[in-house]
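K.L.:
What follows is a predicted protein model with its sequence.
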Amino acid sequence: MENKVLIVDGDNLSIEDVFNVSYRNLKVEFPKRKAFKENIIKSRKFLEVYLEKGYPIYGVTTGFGDSCDSQINPQKTDLLQRSLVKYHGIGLGPNFSEAEGKAIVLIRLNSHIKGFSAIRMKLVVLMRDLINRGIIPVIPKLGSVGASGDLTPLSYLAAVLTGERKVYYQGKIMKTKTAFKKENLKPIPLKAKEGLAVMNGTSVMTALASLAWFSTYRLACVSDFLTAATVEVLNGNDSPFRSKISELKNHAGQKGSAQHIYNILKNSRRVNKYEQLIDSIGIIGNDDYIKQDVKIQDRYSIRCAPQINGVLRDTLNFTKTWIENEINSANDNPLIDYQEKMIYNGGNFYGGHIAAACDFLRVSLANSADLSDKQAALIIDGKFNNLTENLIPFFEEGSPEQGLHFGFKAAQITISALSSEIQVLSSPVSIHSRPTEALNQDKVSLGTISSRRLLEAADLTFYQFSIHLMAILQAMDLIGPGDFSPFTKRIYSEVRTFSSFVDNDRPLDGDAKRVSDFLKQTEIFSG
């Protein structure tokens with residue numbers, strides 16, 4: 001992946017592209033066609049000519065926001081941009097990671113090269129070089145209401161372009177000027193509109209939403225596997241996952257989830273095939289009543305899993321479209337259309353679609369996490385299976401070890417704690433708009449807060465799923481892994497290289513962290 005190059009053109013950047021640039025160091029380049037460069041140059045030229053006429057241009061020869069009724073002489077435009085970048089330097093809290101910062105730069109770059117931002121080509125080239133040279137702005141997480149775009153966090157990118165503030169470089173945080181000197185890059189003083197163009201957009205929230213979407217998709221696949229493996233541990237029924245049931249329900253996400261689960265279960269000797277289950281129960285004959293040893297159907301957390309995780313899959317499907325539309329949008333203000341010879345004052349910086357997409361994803365993810373909580377309880381609580389209480393080892397009657405082991409008792413509590421916290425994070429953010437900036441920004445999206453919360457929820461879900469998986473592997477060791485499906489045994493073999501059977505009580509925090517990292521990084525899961 002390191003040797004490949006991604007061509008960015010403003011129109012075709014995908015969520016997967018964002019992930020590959022951010023986490024796999026994919027380099028970026030521009031299209032070779034002449035029209036690409038000309039489009040950016042002509043947009044800038046139109047703005048410069050328009051400036052000479054003396055008419056007010058929002059944020060270029062006027063103040064910002066509610067101060068747009070103050071007009072300045074065109075000769076002062078550069079000073080105005082510098083002021084904008086400086087006074088927005090009030091981001092607070094922890095910083096976005098280097099990978100998140102790289103995604104932010106990439107998505108801002110992709111918007112600018114559409115040719116409606118009127119920034120100079122040299123600034124576009126420098127943004128590309130930041131990505132390819134690994135000079136990434138250090139951006140605090142707090143301070144954006146998501147309209148007018150991500151002004152404060154993006155001011156850190158604008159400042160870096162001018163050689164100010166700090167960057168990630170070669171594994172360290174340092175002054176931008178120091179990193180530029182090491183890479184022989186020159187800072188670029190911002191001219192008319194360029195500070196506003198960089199700052200007034202949705203690129204922070206969209207970058208975070210893209211990376212969070214990628215993680216959430218992976219979690220949907222892991223959730224289906226956890227369901228399948230839980231069915232195997234519990235000797236469950238394969239009927240709920242057969243294609244006919246989901247076909248009659250009509251939802252693509254449910255169909256995909258059921259198919260994913262069934263593909264794992266079909267080669268397992270631990271699962272009851274419905275026809276064989278009915279045959280083994282037999283007919284009632286002349287008896288008035290029989291209390292059977294087995295139940296003809298499983299609990300909701302088993303047989304409704306495709307209906308639950310299918311919602312997450314369908315939410316992923318439609319939010320992918322929303323997020324990728326935003327990735328490839330022109331979203332600053334004003335927009336400069338040299339072809340129509342128009343300057344448009346509007347609200348494309350508003351992050352409503354990103355805010356709502358992340359709200360929807362958090363709700364669906366919380367339901368899948370809650371599903372995992374219930375499934376893990378069926379595995380860990382010995383009352384619901386033929387295993388030991390809390391998955392402790394089997395001890396012979398009279399063993400001096402009896403009564404001294406508690407296995408996964410605390411692990412189940414942690415699962416429930418994580419699931420509860422994920423549910424707290426699922427509350428919608430987009431409805432909590434409040435007016436700010438002298439009532440100019442009187443309805444804001446809060447998209448950045450929503451996307452940050454989705455990232456948090458995804459991280460917590462990876463932790464929760466890691467403990468669920470550890471419980472499954474513990475159960476497999478108690479049962480013997482031989483009759484489990486080939487796919488489940490493959491996961492078992494992979495994880496058992498760094499997380500062993502709990503034969504004596506021990507702290508499991510290190511195991512859970514390693515398993516969580518495995519779930520985030522492995523290429524085994526798909527679907």
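P.N.:
It's in.
K.L.:
quick one, longest helix in this protein?
P.N.:
Ranked by residue count and defined by DSSP state H, the top helix of the chain is helix 447-479.
K.L.:
Is residue 173 located within a strand, as I assumed?
P.N.:
Yes - counting by DSSP: H, G, I helix; E, B strand; the rest coil, residue 173 is part of a strand.
K.L.:
What's the per-residue pLDDT of it here?
P.N.:
For residue 173, the pLDDT comes out at 98.
K.L.:
And it, how far from residue 189?
P.N.:
24 Å (Cβ to Cβ, to the nearest Å). Where C-beta positions appear, they are placed from N, C-alpha and C, glycine not excepted.
K.L.:
Likewise for residue 260?
P.N.:
54 Å.
K.L.:
between the two, which one's more packed in?
P.N.:
For residue 260 versus residue 189, the count of surrounding residues by other Cβ atoms under 10 Å is larger for residue 260: 24 against 11.
K.L.:
Doesn't that one lie inside a helix?
P.N.:
Yes - the assignment for residue 260 by three-state DSSP puts it in a helix.
K.L.:
State the pLDDT value of it.
P.N.:
So residue 260 comes in at 96 (pLDDT).
K.L.:
and what of residue 2?
P.N.:
51.
K.L.:
now do the one 3 residues further on
P.N.:
The confidence metric pLDDT takes the value 95 at residue 5.
K.L.:
Who are the contact partners of residue 385?
P.N.:
By Cβ atoms under 8 Å, 6 or more residues apart in numbering, the contact list for residue 385 reads 233-234, 378-379, 475.
K.L.:
and which of those is nearest to residue 426?
P.N.:
Distance ranking of these against residue 426, using Cβ to Cβ, places residue 378 first at 23.1 Å.
K.L.:
so the closest one sits right up against residue 234, yeah?
P.N.:
Yes - under the criterion of Cβ atoms under 8 Å, residue 378 makes contact with residue 234 at 6.1 Å.
K.L.:
Name the residues contacting each of the two.
P.N.:
302, 384-385.
K.L.:
what sits against residue 477?
P.N.:
If you count contacts by Cβ under 8 Å, 6+ apart, then residue 477 has residue 501 around it.
K.L.:
switch to 10 Å and redo it
P.N.:
391, 393, 492, 496, 500-503 (Cβ atoms under 10 Å, 6 or more residues apart in numbering).
K.L.:
What subset of those is buried?
P.N.:
Taking 16 or more other Cβ atoms under 10 Å as the criterion, what is buried in those is 391, 393, 492, 502.
K.L.:
Mind pulling the model confidence for residue 66?
P.N.:
pLDDT, residue 66: 87.
K.L.:
Go ahead and confirm it touches residue 58.
P.N.:
No - in this structure, residue 66 is not within contact of residue 58 by Cβ atoms under 10 Å, at 11.9 Å.
K.L.:
so which of the shared contacts of residue 378 and residue 234 comes closest to residue 432?
P.N.:
residue 302 (36.3 Å).
K.L.:
Could you check how far that closest one is from residue 108?
P.N.:
From residue 302 to residue 108 the distance is 45 Å (Cβ to Cβ).
K.L.:
Compare the two (neighbour count), which wins?
P.N.:
Neighbour count, other Cβ under 10 Å: between residue 302 and residue 108, residue 108 has more, with 27 against 21.
K.L.:
In terms of helices and strands, where is that one?
P.N.:
helix 98-112 (DSSP states H and E).
K.L.:
The closest residue to residue 163 other than its chain neighbours: neighbour count?
P.N.:
Distance criterion Cβ to Cβ, 6 or more residues apart in numbering; nearest residue to residue 163, sequence neighbours excluded, is residue 187 at 2.8 Å. Burial of residue 187 is recorded as 15 neighbouring residues (other Cβ under 10 Å).
K.L.:
what does the model give residue 187 for pLDDT?
P.N.:
Taking residue 187 on its own, its pLDDT is 98.
K.L.:
just the one 5 residues further on next, same as before
P.N.:
Here the pLDDT value assigned to residue 192 is 96.
K.L.:
What sits closest to it if chain neighbours are left out?
P.N.:
residue 77 (3.8 Å).
K.L.:
can you count the residues close to that neighbour?
P.N.:
20.
K.L.:
ditto for residue 120
P.N.:
18.
K.L.:
So it sits against residue 127, correct?
P.N.:
No - with contact defined as Cβ under 10 Å, residue 120 does not count as touching residue 127 (11.2 Å).
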